[in-house]
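*Asks:* my questions concern the predicted model and sequence given below.
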Amino acid sequence: MPNILVSIIVSACLGALVGLIRQWSDQSAPNGSGDFGGVRTYSFWAMLGCLGALLGEKAAPALLTATLVMVAVHQVTAMAKMPARFRPGGTTFASVLLTVMIGALVYWGYRQAAVVVAATTMVLVGLKQPLHAWTRHFTAEDIRGTLQFVAITGVILPLVPDRSFGPYGAFNPYTTWLMVVLISGLGFLGYLAMRSLGASAGILVTSLFGGLASSTATTLAFSRRSKDDPALSEHYAMAVVVACCVMLARVAVVVGVLNLDLALALIGPFALMALPGALFGAWLWFKRQPGVSMVTAPQIGNPLNLRIAIKFALLYAAIGFGVKALTSLNVLHSGLLPLSFASGLTDMDAISLSMAGSLTTGAVPLRLATQAIIVAAASNSLVKAGLAVSLGSPVLRREIAIVLGLTALAGGVACWFL
C-alpha cells in the first residue's frame, strides 16, 4: 500500500478517536447539542490536514496554512450561528485545529508525536466535566498562591546562574530552586487529591494523600480533631500513623529521582521504620467501628506557596553550607548526623535532597548519607509524636507516642547496624 494511503488511513483513525470523545463529551454535557462535530467530522479534519501537508509539499507551499485558516473561519462562523446555549467554547475550536495538525504530523512521518497529540487532546476533551467539578473545590487563596509560585518559578529558573556562590561554594541558586520546585510539586499533587475528595473522604484515603501533601499538617489536623471527638481517637491515630508512613515512602521516591543508589539503600531501613506504623494501622483498620470511615479532610495549606518555598530554599542552602563546612573542617563524619537530626526537627525533604546531591558529587559517602537521612527521619517522627502528645486526646497521645517512638527507635537500630 502506498505510503500516502497509510498516512490518510492513520490520520482518519486518529481524527475519529478524537471525534468520538468530543461527541461523547458534548452529548454528556447538560447543554450539549451533540451535533457540533463528531467521529465523521473529525476524521475529515484529520484527512484535510494530511492532504494539506501533501499538496503543500508537492504544489502550493502555503496550502496547509490556508487549510488551517479556512477551518478556523468555518468554526467561528458555525459557532456564531448556533444558539448560545449550544455554542461550544474554545476547547472545541482548539481540538479541531489540533486534529488538522495531527493529520499533517502523520504525513510528515511524526506518527508518534501525532499519537501523543491525539491522546492528549482526547483526555483533555473527555475530562471537561470532571475538571470543572474538580476546580470548584479550590479557593481564591489556592489559585493566588499557585499562580504566584508558578510565576516566580518561571522567572527564577531561567535567569538564576547555575554555579556555586558563597563560602565553600555551598550555594547554587539554580539547584536550590529546582529542589524547591520538586518538593513543592510533589506536595501539590497530594494537595490536589485532597481538594478533589471534597468535604469528606475515607480515613485511609485522606491520610494517604495527606501524607503526600504534608504529614506534619495531617498530624496537626487529626490530633486537634481527636480533642473535639475523642470517641474516634483511635481512627484519627491511624490517620496520623499512615501519613507518617507515606512520608517515608515519599522521601525514598524523591531521593530516587536524584540518586537511585541512595534510594535503594534506604528501602530496608525505611521498611523497618514503617513496620510499627503499618502493623498498628492494619490492626486498627480491621477492628474499626462501622460508620466512621468518613471524616472531614484536614485543612492544609497549598504547598505552592511562596513563603513556604523560600523557607525550604533557605533550609536547603543552610544544610548545603553545613555539609561543605564540615567537610572543610574534616569533621564530616562526626558532625553530619547531629546536623541531620536538627534538620529533621523542621523538615525531612531538605536534608534528604541535600544528601542525594552530595552523594552524586562525591562529597558524602553512601553509608553516611543513608545514616543522615535515617537520623533525620527518626527526629522528624519524634517531632510529630510531640505534636500529637501536646495537641491530641489521651487515647491518641498514648498510641501515637508508642508507635512513633518505636518508629524512631527502629531508625536508630537501622542506623547503628548499617
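*Replies:* The structure has been received and is ready for your questions.

*Asks:* domain ranges for the protein?
*Replies:* Following the assignment in automatic domain parsing, the chain carries domains at 3-134, 138-417.

*Asks:* quick one, strands of the stretch 1-150 of the chain?
*Replies:* With strands called from DSSP state E, counting those that start in this stretch, the stretch 1-150 of the chain shows none.

*Asks:* could you list the low-pLDDT ranges of it?
*Replies:* 1-2, 26-37, 82-90, 128-142, 144-146, 148-149 (pLDDT under 70).

*Asks:* so Lys384 touches Gly405, yeah?
*Replies:* No - assessed by CB atoms under 8 Å, Lys384 is found out of contact with Gly405, at 10.7 Å. Quick note: C-beta positions are derived from backbone N, CA and C, even for glycine.

*Asks:* who has more neighbours, the two?
*Replies:* Legend: neighbour count by other CB atoms under 10 Å for Lys384 and Gly405, higher for Lys384 (24 against 14).

*Asks:* and the more buried one, what does it touch?
*Replies:* Lys384 is in contact with 215-216, 219, 240, 244, 400, 404, counting by CB atoms under 8 Å, 6 or more residues apart in numbering.

*Asks:* gap between it and Ser233?
*Replies:* Lys384 sits 16 Å away from Ser233, going by CB to CB, to the nearest Å.

*Asks:* ok, Gly126 next?
*Replies:* 43 Å.

*Asks:* higher neighbour count, those two?
*Replies:* Ranked by neighbour count (other CB under 10 Å), Gly126 and Ser233 place Ser233 first, with 23 against 17.

*Asks:* quick check: that one is in a helix.
*Replies:* Yes - residue state for Ser233 (DSSP: H, G, I helix; E, B strand; the rest coil) corresponds to a helix.

*Asks:* for it, which non-adjacent residue is spatially closest?
*Replies:* Counting by CB to CB, 6 or more residues apart in numbering, Ser233 lies nearest to Val395, which is 3.8 Å off, once chain neighbours are set aside.

*Asks:* quick revisit: of the domains of the chain, flag the one that's most buried.
*Replies:* Ranked by mean neighbour count under mean count of other CB atoms under 10 Å, those are led by domain 138-417, which reaches a mean of 19.

*Asks:* now that one, how far from the centre of its chain.
*Replies:* Domain 138-417 has its C-alpha centroid displaced from the chain centroid by 14 Å (CA atoms, centre = their mean, to the nearest Å).

*Asks:* please apply the same query to stretch 114-127.
*Replies:* On CA atoms, centre = their mean, the centre of stretch 114-127 falls 20 Å from the chain's centre.

*Asks:* offset the numbering so it begins at 426, please.
*Replies:* Shifting the count to begin at 426 puts that one at stretch 539-552.

*Asks:* contacting residues around that stretch?
*Replies:* Residues outside stretch 539-552 that contact it (CB under 8 Å, 6+ apart) are 435-436, 439-440, 442-443, 446-447, 449-450, 516, 520, 523-524, 526-528, 530-531.

*Asks:* where does the stretch 676-825 of the chain dip in pLDDT?
*Replies:* Within the stretch 676-825 of the chain, the ranges that satisfy pLDDT under 70 run 713-731.

*Asks:* now the helices for it?
*Replies:* 685-711, 731-753, 757-769, 774-786, 791-816, 819-842 (DSSP state H, counting those that start in this stretch).

*Asks:* which of the contacts of stretch 539-552 fall in helices?
*Replies:* Secondary structure defined by DSSP state H assigns 435-436, 439-440, 442-443, 446-447, 449-450, 516, 520, 523-524, 526-528, 530-531 of the contacts of stretch 539-552 to helices.

*Asks:* quick one on the thing from earlier: how about the contacts of Lys809, which pair is most distant?
*Replies:* Greatest spacing in the contacts of Lys809, by CB to CB: Thr641 and Ile825 (13.2 Å).

*Asks:* circling back to that earlier point, switch the helices of the stretch 676-825 of the chain over to a markdown table; also include distance to Pro486.
*Replies:* Formatted as a markdown table, the helices of the stretch 676-825 of the chain follow (distance: least, CB to CB, whole Å):
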| stretch | distance to Pro486 |
| --- | --- |
| helix 685-711 | 49 |
| helix 731-753 | 48 |
| helix 757-769 | 61 |
| helix 774-786 | 49 |
| helix 791-816 | 58 |
| helix 819-842 | 67 |
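
*Asks:* so which of these comes closest to Val585?
*Replies:* Val585 lies closest to helix 731-753 among the helices of the stretch 676-825 of the chain, at 11.0 Å (CB to CB).

*Asks:* can you spell out which helices and strands pack onto the closest one?
*Replies:* helix 565-584, helix 598-622, helix 757-769, helix 774-786 (3 or more CB pairs under 8 Å, 6 or more residues apart in numbering; DSSP states H and E).

*Asks:* who's in contact with the third one?
*Replies:* Contacts to helix 757-769, defined as CB under 8 Å, 6+ apart, come from residues 740, 744, 747-748, 751, 754, 775-776, 780, 789, 793, 796-798, 800-805, 808.

*Asks:* please repeat the previous calculation with a cut-off of 7 Å.
*Replies:* For helix 757-769, the external contacting residues (CB atoms under 7 Å, 6 or more residues apart in numbering) are 744, 747-748, 751, 775-776, 793, 796-797, 800-802, 804-805.

*Asks:* average pLDDT across stretch 639-653?
*Replies:* Averaging pLDDT along stretch 639-653 yields 81.

*Asks:* the residue with the largest distance to the centre of the chain: what's it in contact with?
*Replies:* Relative to the centre of the chain, the most outlying C-alpha is that of Ala484, 47.8 Å out, by CA atoms, centre = their mean. By CB under 7 Å, 6+ apart, the contact list for Ala484 is empty.

*Asks:* how much space separates it from Val756?
*Replies:* Distance from Ala484 to Val756, counting by CB to CB: 76 Å.

*Asks:* do the same with Ile776
*Replies:* Distance of Ile776 to Val756, given as CB to CB: 17 Å.

*Asks:* from memory Phe695 sits against Ala677, does it?
*Replies:* Yes - using CB atoms under 7 Å, Phe695 makes contact with Ala677 at a distance of 5.7 Å.
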